[in-house]
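Student: Pasting the sequence and the predicted model now:
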Amino acid sequence: MTATRRQGAPPPEPKAPAHLVDAQELAKRLATKTDSMTEKLVAVERHLTRLGLGTTAWLDISGPEDEQNEGTSIGFTKIGGTWKLAVVSGPYSYGEITGDIVPLLKASKHLRLRAAKKIEALVVKLVAEAAKQLEDIEAADAQLDNVLRGLPPLEPEPDAGDFGEYGTPEKYPF
């Protein structure tokens with residue numbers, strides 16, 4: 001016996017195969033979690049920027065998905081005058097990865113995921129780099145103090161209001 005449709009009734013909705021229904025739900029969950037991960041990367045970037053360490057650090061996150069003699073690093077660096085989480089991928093040259101530095105938040109989902117898995121290690125490295133930089137600056141500052149102590153004193157500079165032989169701005173010839 002075959003099923004018949006009443007005259008004027010809309011045709012039945014076609015049923016999507018179960019794997020497509022599963023894929024639709026998977027796509028929704030994937031988009032939600034990707035957005036959440038990206039929002040957290042934005043928050044980390046803001047925190048690092050507001051810390052004001054003024055220090056760059058890079059962490060190699062190369063893996064089996066990279067081509068032979070190529071690698072990927074994540075970092076915190078200045079891009080166009082603004083501190084950003086960043087990623088660079090490309091061939092190695094003299095032990096360093098060469099390639100375009102891209103803001104992490106503009107990188108592919110795949111690279112953001114790889115970076116997110118290593119962000120804690122990057123933060124630890126960044127703080128260690130800043131501490132090392134502070135030690136270096138303190139040592140350089142002490143050396144400069146020693147140099148300055150060995151130099152003869154300078155004559156005092158004229159005041160900003162001292163116009164030399166002309167005396168006052170009114171008598172200045174220009």
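Tutor: Ah, there it is.
Student: By residue count, tell me the biggest strand in this structure.
Tutor: Looking across the chain with DSSP state E, the single longest strand is strand 82-93.
Student: For that strand, what is the distance to the chain centroid?
Tutor: Its chain's average C-alpha position is 9 Å from that of strand 82-93, according to CA atoms, centre = their mean, to the nearest Å.
Student: C-terminal to it, what's the next element?
Tutor: strand 96-97 (DSSP states H and E).
Student: ok, residues contacting that next one?
Tutor: Outside strand 96-97, the residues that touch it by CB atoms under 8 Å, 6 or more residues apart in numbering are Asp60, Ser62, Glu70, Gly71, Thr72, Ser73, Val88, Ser89, Gly90, Pro91. (Each C-beta comes from the backbone N, C-alpha and C, glycine too.)
Student: Check stretch 67-77 too.
Tutor: Looking at what lies outside stretch 67-77 - CB under 8 Å, 6+ apart - the contacts are 45, 48, 55-63, 66, 83-92, 97, 101, 104, 111, 114-115, 118-119, 122, 126.
Student: are any of the residues you listed buried, and which?
Tutor: Neighbour counting with 16 or more other CB atoms under 10 Å marks 45, 48, 55, 57-59, 61, 66, 83-90, 92, 97, 101, 104, 111, 114-115, 119, 122, 126 as buried within the contacts of stretch 67-77.
Student: the strands in this protein, which residues?
Tutor: Taking DSSP E as the test, the strands found in the chain are 57-60, 70-79, 82-93, 96-97, 101-103.
Student: coming back round to it: and the longest strand of the chain with strand 70-79, angle?
Tutor: Orientation of strand 82-93 against strand 70-79 (axes from the mean of the first three to the mean of the last three CA atoms, to 10 degrees) gives an angle of 150 degrees.
Student: Strand 82-93 packs against which elements?
Tutor: helix 18-51, strand 70-79, strand 96-97, strand 101-103, helix 109-150 (3 or more CB pairs under 8 Å, 6 or more residues apart in numbering; DSSP states H and E).
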